[in-house]
Every structure is written in C-alpha cells, then in structure tokens.
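Enquirer: My questions are about this predicted structure, shown below with the sequence.
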Amino acid sequence: QVQLQESGPGLVKPSQTLSLTCTVSGGSITTNYYYWSWIRQPPGKGLEWIAQIGYSGSTSYSPSLKSRTSISRDTSKNQVTLQLSSVTPRDTAMYYCARGYQGSNDYWGQGTQVTVSS
C-alpha cells in the first residue's frame, strides 16, 4: 500500500519561500511510469495543480506558478520536495501530494495546511 505524507512549516511570512516535503512509503518514486504531483486547494476554492516530477526526474509546472516554483526529489529518502518562492496570502491553501499514473491520481496524502501571514 502506497502512502504519502506531506510535511511543511504551517505558517510562512509573505515574501518568504515555502518548502514542502512529500515522503513516500510502500513504493519507490522511481518506479516506471508513475509521477508525483503537488496540488493545492485554497479555502473555498477548487483544486489547483502546481507541478509534477516523473519517475525519470522529468518535471512540469503550472504556467501560472512556474516562475515561483521548483519541484525536486531525493531518491535516497524517497521524497519529493516543492519550493514556492515570494509567497503571498493568496498562496494560503491545503497542499497535497499525489501519485499519478496515466492521467489520474490514485494515491493522495492527507495534506498539509499552509497559511501565509505576517
């Protein structure tokens, strides 16, 4: 059973860089054909895809967030990390990581709440 666990700071000040980690257990992040996504949901709004990294290390980003986003991985720790720079209160959201396969996400973490506030 694949499990994903997000972790992060909880509270971030405006203009700072947010760093989130997704720790995967029960499966390797380098297993062929899976990809690993970060997705967020602001209060009262729908899900927004942020970025993904594939089993080979290839990356792709949401055009609206690309200039502020970096996704990376640590294969030795089986972790995927998201960095979002120059945060504002509009980045306040629940942040999820998910495993994707053939266009759909089949496993999700429970999410981690991020609040941007001074």
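Expert: Happy to help now that I have it.
Enquirer: Give the burial count for residue 111, as a bare number.
Expert: 18 (other Cβ atoms under 10 Å). C-beta coordinates here come from the backbone N, C-alpha and C atoms, glycine included.
Enquirer: if I read this right, it contacts residue 47, doesn't it?
Expert: No: with contact defined as Cβ atoms under 8 Å, residue 111 does not reach residue 47; the gap is 10.7 Å.
Enquirer: isn't residue 98 right next to residue 41, touching?
Expert: No: Residue 98 is not in contact with residue 41 according to Cβ under 8 Å; the separation is 11.8 Å.
Enquirer: Comparing those two, which residue is more hemmed in?
Expert: Between residue 98 and residue 41, counted using other Cβ under 10 Å, residue 98 has the larger neighbour count: 22 against 14.
Enquirer: Okay, and the beta partners of that one?
Expert: Applying DSSP bridges to residue 98 gives these bridge partners: residue 37, residue 108.
Enquirer: and the most centrally placed residue in the chain, how far is that from residue 52?
Expert: Per Cα atoms, centre = their mean, the C-alpha nearest to the average position across the chain is that of residue 38, at 2.7 Å. As judged by Cβ to Cβ, to the nearest Å, residue 38 and residue 52 stand 7 Å apart.
Enquirer: what touches both of those two?
Expert: In terms of Cβ atoms under 8 Å, 6 or more residues apart in numbering, residue 38 and residue 52 are both contacted by the residues residue 71.
Enquirer: Low-confidence stretches in this structure?
Expert: Counting by pLDDT under 70, the chain contains no low-confidence residues.
Enquirer: still on that earlier bit, what's near enough to touch the residue nearest to the centre of the chain?
Expert: Residues counted as contacts of residue 38 (Cβ under 8 Å, 6+ apart) are 20, 22, 49-52, 71, 80, 82, 95-97.
Enquirer: Give me the neighbour count for residue 77.
Expert: 12.
Enquirer: Which residue or residues pair with the residue lying closest to it once chain neighbours are set aside through a beta bridge?
Expert: Using Cβ to Cβ, 6 or more residues apart in numbering and skipping the chain neighbours, the partner closest in space to residue 77 is residue 23 (7.3 Å). For residue 23, the beta-bridge partners are residue 5, residue 79 (DSSP bridges).
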